[in-house]
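In: Give the three-dimensional model of this entry:
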Amino acid sequence: MAMTPGADQAPIRCFLSYVHSDDAVLGVVEDFKHSLESFAHSDRGRRLEVFLDRQSIGWGDDWQEEIREGVSGAMVFMPLLTRRYFESVACREELLAFYNGADELAATDLLLPVVILGKSFIRIDSDDFVVHVVASRQYRDLQNAVIAGPGTAEWRRALIDLANDLVDAVERIEAKFEPVPHDSMSVTPTGDEADGGAAAELPDDAPGLLDLDETLGRKLMDIHDGFEEMTEILDELNTVFVEGSARIQQSSASKGPNNPAILRFAQEAKPVAERFEAVGTRMERTASAADGEFRQLCDLLSSPGTEELREKMAESIAGAEGFQATLNAIDEFLPTLRPLEVTSAGIRRSLKPMRKGTNSVRTAVAIIRAWPGLIEGANGAAA
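Out: Numbering: from 1, shown residues only. Predicted coordinates for the structure are as follows:
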């Protein structure tokens with residue numbers, strides 16, 4: 001009996017990351033899932049499992065282990081991008097976490113961004129770090145197919161092409177991480193190989209524990225300094241807010257948006273809000289870079305004999321939990337701005353950079369808060 005193509009291979013697992021409020025209007029995610037699974041199997045003979053819920057795939061560790069071990073059917077991360085996607089802290093953190101983990105394993109081909117709305121926003125020169133990550137890759141533009149809708153010829157052509165891109169990406173990684181044939185495992189190891197081969201597998205130029213510990217320590221200090229600066233900017237913005245609100249209340253409301261007090265507040269708030277955004281963007285970039293190094297470090301710390309370094313790293317990141325306090329202060333301050341933002345479009349525009357910067361800070365905090373779990377994983381692997 002002939003073997004069905006792909007029947008002896010593990011299914012490719014694809015995590016679809018999207019904003020639920022987008023799909024509430026577009027209503028394409030379920031059709032997207034079924035079309036992608038069907039076309040991958042029908043056209044390429046590869047079974048595909050598309051997951052829409054991070055809980056259903058054990059998000060955070062098993063996808064990376066599959067890539068590392070060279071198991072057939074690697075995990076693919078496919079974000080469905082709109083402007084709202086970049087405003088979602090959870091989505092930003094998911095994308096950066098996958099990107100950094102895949103980058104460590106030289107498997108970033110498994111990040112397949114798909115633009116369904118807002119293509120003009122995806123620019124390589126964007127100040128938004130997550131946008132920059134997407135724009136620097138060969139993302140797929142499915143905006144016209146989504147507008148045409150499921151079942152149309154344009155939809156089918158686009159999804160068939162995407163399914164082929166997905167299978168191609170996975171098969172490139174499978175070839176790169178092809179497991180050692182079973183017969184070769186019978187050879188008796190010697191020298192370093194008798195210790196598990198870990199030393200032999202590391203490239204000559206791969207950073208060691210001390211190198212990563214030093215560079216990660218510098219980045220953590222940069223992030224700490226960023227939070228200190230963020231606190232100072234928040235205090236400055238609060239002063240502008242208190243003084244500006246008082247002037248607006250004392251001024252004549254009949255002058256409307258051209259009220260000098262409103263114009264002055266917008267003029268004074270804008271540069272402070274822009275500094276806030278710049279610092280937030282810098283912190284997000286640094287946290288993302290640190291995340292990649294932290295994952296490399298945890299991989300090395302999973303080896304026996306690294307208990308002391310694991311304890312040291314656990315202590316250093318425990319201190320980073322204090323960053324949440326700054327984020328809490330930001331979240332308490334933002335609602336106080338809403339009455340003025342509603343009052344004047346000029347004020348709303350002047351404060352917009354602060355809200356964008358807040359998203360960056362939230363992403364940085366979300367990345368850092370995931371680190372204790374990675375340390376626990378290293379502890380478990382070394383046990």
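
In: Could you list the buried residues of stretch 38-57?
Out: Neighbour-count burial for stretch 38-57 flags 39-41, 44, 46-52, 57 (criterion: 16 or more other CB atoms under 10 Å). C-beta: built from backbone N, CA, C; applies to glycine.

In: Restrict it to CA atoms and write it as CSV.
Out: In CSV, the C-alpha atoms belonging to stretch 38-57 read as follows (Å, rounded to 0.1, in the frame of the first residue of the first chain):
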residue,chain,number,x,y,z
SER,A,38,-6.1,22.5,3.3
PHE,A,39,-3.8,24.0,0.7
ALA,A,40,-0.6,22.9,2.6
HIS,A,41,-1.8,19.3,2.5
SER,A,42,-3.4,19.3,-1.0
ASP,A,43,-0.5,21.2,-2.8
ARG,A,44,2.5,20.1,-0.8
GLY,A,45,1.5,16.9,1.0
ARG,A,46,2.3,18.4,4.4
ARG,A,47,-0.1,18.3,7.3
LEU,A,48,-0.5,21.6,9.0
GLU,A,49,-2.1,22.3,12.4
VAL,A,50,-2.9,26.0,12.9
PHE,A,51,-3.5,27.1,16.5
LEU,A,52,-5.4,30.2,17.4
ASP,A,53,-4.9,30.1,21.1
ARG,A,54,-1.5,30.2,22.8
GLN,A,55,-2.8,27.9,25.7
SER,A,56,-3.4,25.2,23.1
ILE,A,57,0.3,24.9,22.1
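
In: hmm, back to that, just the buried residues of stretch 38-57: which are in helices?
Out: 39-41, 44 (DSSP state H).

In: Show me which of the residues you listed is closest to Thr239.
Out: The closest of these to Thr239 turns out to be Ala40 (CB to CB; 57.1 Å).

In: contacting residues around the closest one?
Out: 12, 46-48, 163, 166-167 (CB atoms under 8 Å, 6 or more residues apart in numbering).

In: rerun at 6 Å
Out: Ala40 makes contact with 46, 48, 163, 167, according to CB atoms under 6 Å, 6 or more residues apart in numbering.

In: so the second one bridges to which residues?
Out: Here Leu48 shows beta-bridge partners Ile12, assigned using DSSP bridges.

In: Provide a list of residues in contact with it.
Out: 12, 37, 40.

In: For this structure, just list every one of the strands.
Out: Under the criterion DSSP state E, strands of the chain are mapped to 12-17, 48-51, 75-81, 114-115, 140-141.

In: which of the ones you listed sits most buried?
Out: strand 75-81 (a mean of 25; mean count of other CB atoms under 10 Å).

In: That one vs strand 12-17, what angle?
Out: Relative orientation of strand 75-81 versus strand 12-17 (axes from the mean of the first three to the mean of the last three CA atoms, to 10 degrees): 30 degrees.

In: what's strand 75-81 in contact with?
Out: With CB under 6 Å, 6+ apart, strand 75-81 has contacts from 13-18, 63, 66, 95, 98, 110-116, 166.

In: Just the CA coordinates for that strand, please, in PDB.
Out: Output of strand 75-81 as PDB, limited to C-alpha atoms (Å, rounded to 0.1, in the frame of the first residue of the first chain):
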ATOM      1  CA  MET A  75       6.700  25.600  14.900                       C
ATOM      2  CA  VAL A  76       5.800  28.600  12.700                       C
ATOM      3  CA  PHE A  77       4.800  31.900  14.100                       C
ATOM      4  CA  MET A  78       2.400  33.800  11.700                       C
ATOM      5  CA  PRO A  79       1.200  37.300  12.900                       C
ATOM      6  CA  LEU A  80      -1.800  38.700  11.100                       C
ATOM      7  CA  LEU A  81      -0.800  42.400  11.100                       C
END
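
In: Centre of the chain to that strand, how far?
Out: Put simply, strand 75-81 sits 11 Å off its chain's centre (CA atoms, centre = their mean, to the nearest Å).

In: Nearest to Leu309, out of the strands of the chain?
Out: So among the strands of the chain, strand 75-81 is nearest, using CB to CB, at 28.4 Å.

In: need the contact list for Asp22.
Out: Contacts for Asp22 (CB under 6 Å, 6+ apart) come out as 82, 84.

In: how far away is it from Ile116?
Out: 8 Å (CB to CB, to the nearest Å).

In: now do Phe39
Out: Taken as CB to CB, the span from Phe39 to Ile116 is 17 Å.

In: again, but for Ala102
Out: Distance from Ala102 to Ile116, by CB to CB: 22 Å.

In: Check Trp371 too.
Out: From Trp371 to Ile116 the distance is 32 Å (CB to CB).

In: And Ser38, by the same measure?
Out: 19 Å.

In: and what of Glu232?
Out: 40 Å.

In: Show me which of these two is the more surrounded one.
Out: For Glu232 versus Ile116, the count of surrounding residues by other CB atoms under 10 Å is larger for Ile116: 25 against 11.

In: contacting residues for that one?
Out: Counting by CB under 6 Å, 6+ apart, Ile116 makes contact with 80, 142-143, 146.

In: could you dump these to TSV with pLDDT and distance to Phe227?
Out: Listed next are those as TSV, based on pLDDT from 0 to 100; distance: CB to CB, whole Å:
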residue	pLDDT	distance to Phe227
Leu80	94	32
Leu142	94	38
Gln143	93	38
Val146	93	39
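
In: of all these, which two lie farthest apart?
Out: Leu80 and Gln143 (11.0 Å).

In: my read: Ser350 touches Lys270, true?
Out: Yes - contact criterion CB atoms under 6 Å: Ser350 and Lys270 qualify, at 4.0 Å.

In: Looking at these two, which is more packed in?
Out: The neighbour comparison of Ser350 against Lys270 (other CB under 10 Å) goes to Ser350, with 24 against 19.
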